[in-house]
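Asker: Below are the sequence and a predicted model; questions follow.
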Amino acid sequence: MNQEMSPVDWAKRPILEKYADFTGRASRAEFWWYALALVVAGIIVAIVEGILGLSHMIFYIFGPLSLLFRAATIVPSLAVSARRLHDTNRPGWWVLLPLIPELLMLIMAAMTAGAVAAGGGIGAAIGGAALTGLIGLVALVGAVVLIVFCAMPSQPGSNQYGPNPNGEGGAGPVLAE
């Protein structure tokens with residue numbers, strides 16, 4: 001069955017068939033076609049928000065449609081990422097590698113804004129921005145490591161997370177023409 005799937009089938013599988021399935025393995029085709037579909041859909045949502053004048057309404061960053069889009073896709077995105085990591089014989093917890101520093105970065109940015117609002121002056125702003133930027137750099141490094149792990153080939157044969165999604169040979173799926 002997997003040998004006959006088209007790129008569109010691979011892209012919609014994490015949403016329609018495996019929305020919150022963190023078990024098993026995901027092939028590179030499933031992960032990367034899904035990632036491409038998210039990028040394209042995100043661009044379309046941003047264009048629609050721009051046309052409707054809705055962009056940057058929430059925290060001066062998000063529009064309501066893009067926030068809903070992100071909320072709807074966070075679970076399948078984490079799930080397909082965890083399954084992809086399983087396919088390279090790594091625990092799915094690696095998906096949190098860039099997320100933890102990002103959360104710390106948001107907290108630090110809020111604390112900096114609070115310190116500046118409380119009269120901390122330029123010193124508080126510069127110090128907070130520097131620390132937030134350093135934490136952001138750690139998040140970036142974590143994201144790059146995660147991308148490298150997801151780009152690696154499948155572990156041949158079965159592993160502790162299940163059978164190889166590409167079959168025993170592990171050569172990868174053949175896309176329908």
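Answerer: Cool, got the structure.
Asker: just checking, next helix/strand downstream of the least confident helix or strand in the chain by mean pLDDT?
Answerer: None of the helices or strands of the chain scores lower by mean pLDDT, DSSP states H and E than helix 99-115, at a mean of 83. Sequence-wise, the next helix or strand downstream of helix 99-115 (DSSP states H and E) is helix 121-151.
Asker: Low-confidence regions, this structure specifically.
Answerer: For the chain, residues meeting the criterion pLDDT under 70 lie at 1-3, 59-60, 168-177.
Asker: how near is the residue of it positioned farthest from its centre to A125?
Answerer: Using C-alpha atoms, centre = their mean, the residue of the chain lying farthest from its centre is G119. It sits 37.0 Å away. Separation of G119 from A125 (C-beta to C-beta, to the nearest Å): 11 Å. For the C-beta atoms, the positions are set from N, CA and C on the backbone; glycine is no exception.
Asker: A113 too?
Answerer: Distance from A113 to A125, by C-beta to C-beta: 9 Å.
Asker: and if you look at A71?
Answerer: Taking C-beta to C-beta as the measure, A71 falls 31 Å from A125.
Asker: of these two, who's got more company?
Answerer: More neighbours surround A125 than the other of A71 and A125, with 14 against 9 (other C-beta atoms under 10 Å).
Asker: still on that earlier bit, how about the contacts made by the residue farthest from the centre of the chain?
Answerer: For G119, the contact set (C-beta atoms under 8 Å, 6 or more residues apart in numbering) is empty.
Asker: Distance check, it against D9.
Answerer: 58 Å.
Asker: May I ask which helix or strand encompasses the most centrally placed residue in the chain?
Answerer: The centroid of the chain falls nearest to S77 when counting by C-alpha atoms, centre = their mean (5.5 Å). Assessed by DSSP H and E, S77 sits inside helix 64-87.
Asker: between that helix and helix 121-151, how many degrees?
Answerer: Put simply, helix 64-87 runs at 50 degrees to helix 121-151, going by axes from the mean of the first three to the mean of the last three C-alpha atoms, to 10 degrees.
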